[in-house]
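# Sequence first, predicted coordinates after that:
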Amino acid sequence: MKYIFLHGLGQTASDWKETVKGMKGDILCPNLSEWILGKEASYSNLYKALEEYCEVQKEPLHLCGLSLGGILALQYALEHPSKVASVVLIGTQYVMPKRLLKFQNMMFHIMPKSVFRNMGFQKKAFIALCSSMMYLDFSQKLEKIHCRVLVLCGEKDKVNLSASRQLREQIEQAEMVLVPNTGHEVNTQNPAELRRILKRFYGDTDKK
């Protein structure tokens, strides 16, 4: 089994370190910023890079993504259903909250450049990537997902809680788990509990 863990915007691959510790299987945690080095920083380029990355993986894939990573995993599962065995969506939106993105971009403009370098992005590229996601909308396609889906959301992640519940309702095979005492970045705020939940979910998958 091959597992691909896609981190959130503002994170790096290392943010999965504690979550995947001790998990079995072929686990890949790519750095998303590396996929668009030398290219225009846009969601479409990032998604194309994901397609290329997954194309060379021969086994049915188990995708797990947080926030931006979840959006990428969701789109890939919609467009390449034959390659995907399961999807885990953590704190994931399926219709971009435009007001929130615009507010975040305002905040990004006044943040120092050093903050973005720690995430592998130049400030300008980071803001451009966020702006390119503004009109993403997968609401009319969710019924096309037929693989197993686990929707996760931190109990304190109020921004993404409603979208997570709607994902569970609109995806036929979806189940949902709230992670207790946890905010948006479940993989860094409560990795032990996230690992436990994922092991249970993937254990059920492996038995099939």
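Cool, the structure landed.
# Contacts for the helix or strand Met106 falls within next, please.
Here Met106 sits within helix 98-110, counting by DSSP states H and E. With contact meaning Cβ atoms under 8 Å, 6 or more residues apart in numbering, helix 98-110 is reached by 123, 126-127, 130-131, 133-135, 159. Every C-beta, even on glycine, is put in place using the N, C-alpha and C of the backbone.
# can you tell me which of those residues are in helices?
Using DSSP state H, the subset of the contacts of helix 98-110 located in helices is 123, 126-127, 130-131, 159.
# which of the residues you listed lies closest to Ile90?
Val159 (12.9 Å; Cβ to Cβ).
# show me what contacts the closest one?
97, 100, 184.
# again, but for Asp137
Contacts of Asp137 (Cβ under 8 Å, 6+ apart): 94-96.
# can you pull the contacts of Leu198?
Applying Cβ under 8 Å, 6+ apart, the residues near Leu198 are 19, 23, 64, 88, 150.
# Buried only: go through the residues you listed for me.
Among those, those classed as buried by 16 or more other Cβ atoms under 10 Å are 19, 64, 88, 150.
# Give me the subset of those lying in helices.
Going by DSSP H, the helices hold Thr19 from the buried ones among the contacts of Leu198.
# still on that earlier bit, specify which member of the contacts of Leu198 is nearest to Gly8.
Cys64 (11.6 Å).
# which of the contacts of helix 98-110 has the most neighbours?
Of all those, Phe126 has the most neighbours under the rule other Cβ atoms under 10 Å, reaching 23 neighbours.
# any idea how far the residue nearest to it when sequence neighbours are not counted lies from Gln170?
Distances taken as Cβ to Cβ, 6 or more residues apart in numbering put Phe116 closest to Phe126, at 4.8 Å, once the chain neighbours are dropped. Plainly put, Phe116 is 34 Å away from Gln170 if you go by Cβ to Cβ, to the nearest Å.
# Kindly report the same for Gly8.
In terms of Cβ to Cβ, Gly8 sits 22 Å off from Gln170.
# Now do Ile145 against Met176, distance only.
Ile145 is 14 Å from Met176, by Cβ to Cβ.
# Among the two, which residue is more densely surrounded?
Ile145 (21 against 16).
# Quick one: residues contacting that one.
74, 77-78, 81, 87, 171-173.
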